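K.L.:
Kindly generate the corresponding structure for this input.
(2 chains)
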Protein chains: 2
Amino acid sequence: ADGGALYKARACQACHGDDAKTTVLPIYPKLAGQNAPYLLEQMKAIRDGTRTNGLSAAMRPLMASVPDEEFQSIAEWLATLK
Amino acid sequence: ADGGALYKARACQACHGDDAKTTVLPIYPKLAGQNAPYLLEQMKAIRDGTRTNGLSAAMRPLMASVPDEEFQSIAEWLATLK
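P.N.:
Just a heads-up that it's a prediction; the model follows:
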């Protein structure tokens, strides 16, 4: 699946920015170029409620039904960005 | 305080790398160029135990006695890195 299309379909850009680094607020992390395995672990943890600190809890509703394979595609796409 | 010196004094490079982006394992996040407010919130959350997912729990002993001001200096230094 196309990670970039999924990134938009899941509205990630609403907070993390179209380029995944011009974040809407500086309290949100830049994701572009981040390690894919780390990103995958964080998306799963936020979906599963094992990470709820700060504003990550606000993401949980967006993540509720997202399967691991989609997170994998999004994580791999983000890791390729500069 | 010099964030770069504190980064080394607190052994952050042991996992996150001297350049804060060549991480020892891809499951660790790159920190170089990340938003300072986000980094500050994560270091405080890991120290205070409101973020314990994945390997962040392993960092907690390293963070136990670190004052917010030190985290602030480290976060600001990391944000300047490419």
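K.L.:
After the helix or strand of chain A with the lowest mean pLDDT, which helix or strand is next? Please name it.
P.N.:
Least confident helix or strand, chain A: helix A:56-63 with a mean of 90, by mean pLDDT, DSSP states H and E. Where DSSP states H and E defines the elements, the next helix or strand beyond helix A:56-63 is helix A:68-80.
K.L.:
That following helix near chain B anywhere?
P.N.:
No: using C-beta under 8 Å from any C-beta of the partner chain, helix A:68-80 stays clear of chain B, with a minimum separation of 8.8 Å. Every residue, glycine included, has its C-beta placed from N, CA and C.
K.L.:
Quick one: work out the angle between that helix and helix A:56-63.
P.N.:
Going by axes from the mean of the first three to the mean of the last three C-alpha atoms, to 10 degrees, helix A:68-80 is angled at 120 degrees with respect to helix A:56-63.
K.L.:
Please state the offset of helix A:68-80 from the chain centre?
P.N.:
Remark: helix A:68-80 is offset 8 Å from the chain centroid, using C-alpha atoms, centre = their mean, to the nearest Å.
K.L.:
And for stretch A:42-62?
P.N.:
Relative to its chain's centre, stretch A:42-62 lies at 10 Å (C-alpha atoms, centre = their mean).
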